[in-house]
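> please work out how this folds:
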Amino acid sequence: MPPAKNPLKAYSKDPFKKSDFNMGVTIGLGSFGRVRLVTHKQSESIWALKEMRKAEVYRLKQVEHVLNEKQLMGRLTHPSAVSLAGTFQDERCLYLIMSFAVGGELYRHLRSAQRFDNNVAKFYAAQVGLLHRHVQRRIR
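The predicted model follows:
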């Protein structure tokens with residue numbers, strides 16, 4: 001399956017920069033950064049911008065993990081997965097521009113519910129299984 005067309009590519013031949021986006025609310029926090037809801041100024045499209053502090057990525061020895069995340073997300077095209085539209089960096093941070101998934105992460109929902117009923121668990125298990133199969137086919 002060919003990669004999905006990236007709507008942001010039409011707006012920039014140069015690398016993206018933070019000033020290309022209007023920063024919105026923080027929608028997630030992690031060990032070395034945050035995810036913000038952003039709007040691309042030219043296209044007015046909505047994205048999630050993952051911002052990772054370089055010093056923390058290095059201190060927590062997550063450089064290889066971040067590189068693998070970028071590589072895998074760049075190759076994924078699946079309705080159950082967030083897609084990577086672009087990356088950039090500045091002196092302090094690394095940035096991943098990702099499709100915005102309404103509803104958020106599965107982990108957040110599980111943590112909130114503490115336990116899914118059987119039908120919900122079966123649904124998510126099937127989605128994870130399909131995504132896993134897709135990933136395995138893409139990385140071969």
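> what residues sit buried inside the top helix by length along the chain?
In the chain, with assignment by DSSP state H, the single longest helix is helix 118-139. For helix 118-139, a neighbour-count test (16 or more other Cβ atoms under 10 Å) marks H134 as buried. Heads up, the C-betas are built off the backbone N, CA and C, glycines and all.
> the chain - how does it break down into domains?
7-103, 105-140 (automatic domain parsing).
> what packs against the longest helix of the chain?
helix 63-75 (3 or more Cβ pairs under 8 Å, 6 or more residues apart in numbering; DSSP states H and E).
> and the helix or strand just after the helix it packs on, which residues are buried?
For helix 63-75, the following helix or strand on the C-terminal side (DSSP states H and E) is strand 84-89. Buried residues in strand 84-89, defined by neighbour count with 16+ other Cβ under 10 Å: L84, A85, G86, T87, F88.
> mind giving me the packing neighbours of strand 84-89?
helix 63-75, strand 93-99.
> what's the most buried one of the ones you listed?
strand 93-99 (a mean of 20; mean count of other Cβ atoms under 10 Å).
> and the residue positioned nearest the centre of the chain, bridged to which residues?
Nearest to the geometric centre of the chain sits M98, at 4.3 Å (Cα atoms, centre = their mean). Beta-bridge partners of M98, counted by DSSP bridges, are A48, L84.
> what separation do you get for it and V25?
To V25, M98 is 16 Å away according to Cβ to Cβ, to the nearest Å.
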